[in-house]
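J.: Only the shape, not the letters, is given here:
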């Protein structure tokens, strides 16, 4: 990854969901001690993350806020440091993804946009991408990029690609995702396959693979902004 970033010098780098430790939700019952260890491992990696030559780096990390154990997205820049974006609110509860048991919901649940230097982002963490009303609301707020850090398996890759394309259409923005890859606990296979999908038609502009783990492209933000005037974004929701 460092070599790719050194060559491409991207303005924005998107990392997978909680990338700096094993996947906590593989176990249904996680002790507070293990949760704290995962928080510390993510903190330990911050020094390495901060060395990367990207203007903005979006990632998620486990954290305690009060007594709530959260999965929270952050954006890092050398100018502004680490800024909190959004804590995950929708969780699966099934083998290898015992997130309902592992994490707490933020209170209140918010899906705020975030303005960077000349462009606006919204974040949906993994499962949240399937709640398409949030993608539409982000579009109505004028985001340019919809970012989806995720942790999903090999068997569901096609479903997620379809969801990413649809979300790009619904939000009228470029939809980007980064996923875990390789083997997880008990032989579970992560799906990899990050993507960049275009607004208006949802076409896949780039996908990562086992042989091409990192992809970068230049996007035209004006296309994202013009998409807000196209169907289905121009249709008023009237508060429903």
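T.: Cool, the structure landed. Fair warning: this is a prediction, and the values are worked out from it, not measured in the lab.

J.: For this protein, give me the ranges with low pLDDT.
T.: The model of the chain has pLDDT under 70 over residues 1-4, 6-8, 239-240.

J.: any idea how far residue 153 is from residue 187?
T.: 11 Å (C-beta to C-beta, to the nearest Å). Bear in mind the C-beta positions are built from the backbone N, C-alpha and C, glycine included.

J.: who touches both of those two?
T.: Both residue 187 and residue 153 lack any common contact, where contact means C-beta atoms under 8 Å, 6 or more residues apart in numbering.

J.: Please enumerate residues in contact with whichever helix in the chain runs longest?
T.: Determined from DSSP state H, the single longest helix within the chain is helix 32-49. For helix 32-49, the external contacting residues (C-beta under 8 Å, 6+ apart) are 18, 20-22, 24, 57, 59, 61-64, 69, 76, 82.

J.: Produce a PyMOL select command limited to the buried residues of the residues you listed.
T.: To isolate the buried ones among the contacts of helix 32-49 in PyMOL, judged by 16 or more other C-beta atoms under 10 Å, type:
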select buried, resi 18+20+21+24+57+59+61+62+63+69+76
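
J.: need the helices for the protein, in chain order.
T.: Counting by DSSP H, the helices of the chain are 2-8, 32-49, 99-102, 132-140, 157-171, 221-227.

J.: Could I get those in TSV, plus columns for distance to residue 192?
T.: Compiled in TSV, the helices of the chain are given as follows (distance: least, C-beta to C-beta, whole Å):
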stretch	distance to residue 192
helix 2-8	15
helix 32-49	20
helix 99-102	20
helix 132-140	23
helix 157-171	8
helix 221-227	26
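
J.: Could you say which one of these comes nearest to residue 118?
T.: Distance to residue 118, taken as C-beta to C-beta, is lowest for helix 221-227 among the helices of the chain, at 7.8 Å.

J.: ok, and for that closest one, which residues are buried?
T.: So for helix 221-227, counting by 16+ other C-beta under 10 Å, buried means 224-225, 227.

J.: okay, now residue 23: neighbour count?
T.: 19 (other C-beta atoms under 10 Å).

J.: quick one, what contacts it?
T.: 96, 151, 180, 184-185.

J.: tell me which of those is nearest to residue 234?
T.: Nearest member of the contacts of residue 23 to residue 234, counting by C-beta to C-beta, is residue 151, at 34.4 Å.

J.: residues touching that closest one, list them.
T.: The contact partners of residue 151, by C-beta under 8 Å, 6+ apart, come to 16-18, 23, 97, 126, 179-180, 190.

J.: Apply 6 Å and report the result again.
T.: By C-beta atoms under 6 Å, 6 or more residues apart in numbering, residue 151 lies in contact with 17, 23, 126, 180.

J.: Grab the nearest non-local neighbour of the last one.
T.: The shortest distance from residue 180 to any residue that is not its chain neighbour, by C-beta to C-beta, 6 or more residues apart in numbering, is 4.1 Å, and that residue is residue 190.

J.: Just give the number of residues close to the one you found.
T.: 19.

J.: Please apply the same query to residue 142.
T.: Neighbours of residue 142 (other C-beta under 10 Å): 15.

J.: ditto for residue 84
T.: Based on other C-beta under 10 Å, the number of other residues close to residue 84 is 15.

J.: And it, how far from residue 112?
T.: 10 Å.

J.: all strands for the protein, in order.
T.: 12-14, 56-65, 68-77, 81-87, 93-94, 97-98, 114-115, 120-123, 145-150, 174-179, 195-197, 204-207 (DSSP state E).
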